[in-house]
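Engineer: generate coordinates for the sequence data below:
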Amino acid sequence: MATALAKGFIRAGLATPENVLASDPVDGARAHFTAETGAATTADNLEVVRFADTLFLAVKPAHVITLLQEINPHFTEHHLMVSIVAGMPLAKLQAQLFDWARIIRVMPNTPALVGLAAAGYALGEGARIQDGDLVKQLLTSVGLAFPLPEHLLDAVTGLSGSGPAYAFIMIEALSDGGVAAGLPREVATRLAAQTLMGAAKMALETGLHPGALKDMVTSPGGTTIEGVHEMEKGGVRAALINAVRAATEKSRLLGKT
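Structural biologist: Below is the predicted model:
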């Protein structure tokens, strides 16, 4: 996710490889980041804190406390901390730094890599209006971003944070269906991916309710209603609703533990 965001910011012209630095203890992860972004890396977290004013916290929840305790003595009022750690509340982050710490919690998703992210963000008590403006500028350079109350970020995690995985499963399943109907695999996969992308673009650009757009494709007695009927019999709609709810609850649990 960190690589996707950094690459997106650089691609959008909001950063250059020269003013991005990432730290990671794993050699392979550092090599991958540099290969994708052209930016330098280090194994030293404190080197990043000394280098940058805007810090993106992109680690597993289990590593957050140790990392923040490490950088605490070097964190100043000039730093803005942007956390993309799933489920980690602002209050827990603040407790490891300072009451005045400028922190913004963000839940982005991996399509930031291609400029089509969907994100939500919430400002901590110490964050300034300008900090929110900066984060909004960064996030909207790689997609959509919505300022939200913090308690809704778990739902963002369950929907758009985890959502690309749901979409990839749909693409794979549609491709399997095309292969079963006789299409070559490559053609079926590209048709499936393009169809989902086109449908999403129609929903965003027309502003019409998805149900209305579905009805536009579903003519009486036609092929589409047969397919929709099979999806309803298979519980696809309920499965997607349940996936979002389950991922949301997992995010809330991460925040508590």
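
Engineer: in what helix or strand does residue 172 lie?
Structural biologist: helix 163-180 (DSSP states H and E).

Engineer: other SSEs contacting the helix or strand following that helix?
Structural biologist: Sequence-wise, the next helix or strand downstream of helix 163-180 (DSSP H and E) is helix 185-206. Where contact means 3 or more CB pairs under 8 Å, 6 or more residues apart in numbering; DSSP states H and E, helix 185-206 is packed against helix 163-180, helix 210-217. (Each C-beta comes from the backbone N, C-alpha and C, glycine too.)

Engineer: format these as TSV; extra columns: mean neighbour count.
Structural biologist: Formatted as TSV, the helices and strands packed on helix 185-206 follow (neighbours: other CB atoms under 10 Å):
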stretch	mean neighbour count
helix 163-180	15
helix 210-217	12
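
Engineer: any weak-confidence spans in the stretch 151-257 of the chain?
Structural biologist: The stretch 151-257 of the chain contains no residues with pLDDT under 70.

Engineer: how far does the helix holding residue 172 sit from the chain's center?
Structural biologist: Using CA atoms, centre = their mean, to the nearest Å, the mean C-alpha position of helix 163-180 is found 20 Å from that of the whole chain.

Engineer: now the angle between helix 185-206 and that helix, please.
Structural biologist: In terms of direction (axes from the mean of the first three to the mean of the last three CA atoms, to 10 degrees), helix 163-180 departs from helix 185-206 by 130 degrees.

Engineer: packing partners for helix 163-180?
Structural biologist: Looks like helix 163-180 contacts helix 185-206, helix 236-256 (3+ CB pairs under 8 Å, 6+ apart).

Engineer: so which residues make contact with that helix?
Structural biologist: Helix 163-180 is contacted by residues 109-111, 118, 185, 187-189, 191-193, 195-196, 240, 243-244 when judged by CB atoms under 8 Å, 6 or more residues apart in numbering.

Engineer: between the residues you listed, which has the most around it?
Structural biologist: The residue in these with the most neighbours, by other CB atoms under 10 Å, is residue 109 (24 neighbours).

Engineer: thought that one was touching residue 139?
Structural biologist: No - the criterion here is CB atoms under 8 Å, and residue 109 misses it with residue 139 at 10.7 Å.

Engineer: show me this structure divided up by domain.
Structural biologist: What automatic domain parsing lists as the domains of the chain is 2-151, 163-256.

Engineer: can you get me a residue count around the closest residue to residue 93 other than its chain neighbours?
Structural biologist: Of all residues not flanking residue 93 in the chain, residue 103 sits nearest, at 5.3 Å (CB to CB, 6 or more residues apart in numbering). If you count neighbours by other CB under 10 Å, residue 103 ends up with 24.

Engineer: show the backbone phi and psi for residue 103.
Structural biologist: Reported as degrees, to the nearest 10, the phi and psi values for residue 103 are phi -130, psi 140.

Engineer: and it, what's its pLDDT?
Structural biologist: Here, the pLDDT recorded for residue 103 equals 97.

Engineer: do residue 11 as well
Structural biologist: So residue 11 comes in at 87 (pLDDT).

Engineer: what of residue 7?
Structural biologist: pLDDT, residue 7: 89.

Engineer: list the contacts of it.
Structural biologist: Residue 7 neighbours (CB under 8 Å, 6+ apart): 36, 37, 112, 113.

Engineer: give me the element it is part of.
Structural biologist: helix 2-11.

Engineer: could I get that helix in CSV with only the CA atoms?
Structural biologist: Extracted C-alpha coordinates of helix 2-11, given in CSV (Å, rounded to 0.1, in the frame of the first residue of the first chain):
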residue,chain,number,x,y,z
ALA,A,2,2.9,2.4,0.8
THR,A,3,4.4,1.6,-2.6
ALA,A,4,1.1,2.2,-4.3
LEU,A,5,0.6,5.6,-2.7
ALA,A,6,4.2,6.8,-3.2
LYS,A,7,4.1,5.7,-6.9
GLY,A,8,0.7,7.5,-7.3
PHE,A,9,2.0,10.7,-5.7
ILE,A,10,5.1,10.7,-7.9
ARG,A,11,3.0,9.9,-11.0
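
Engineer: right, I'll leave it there.
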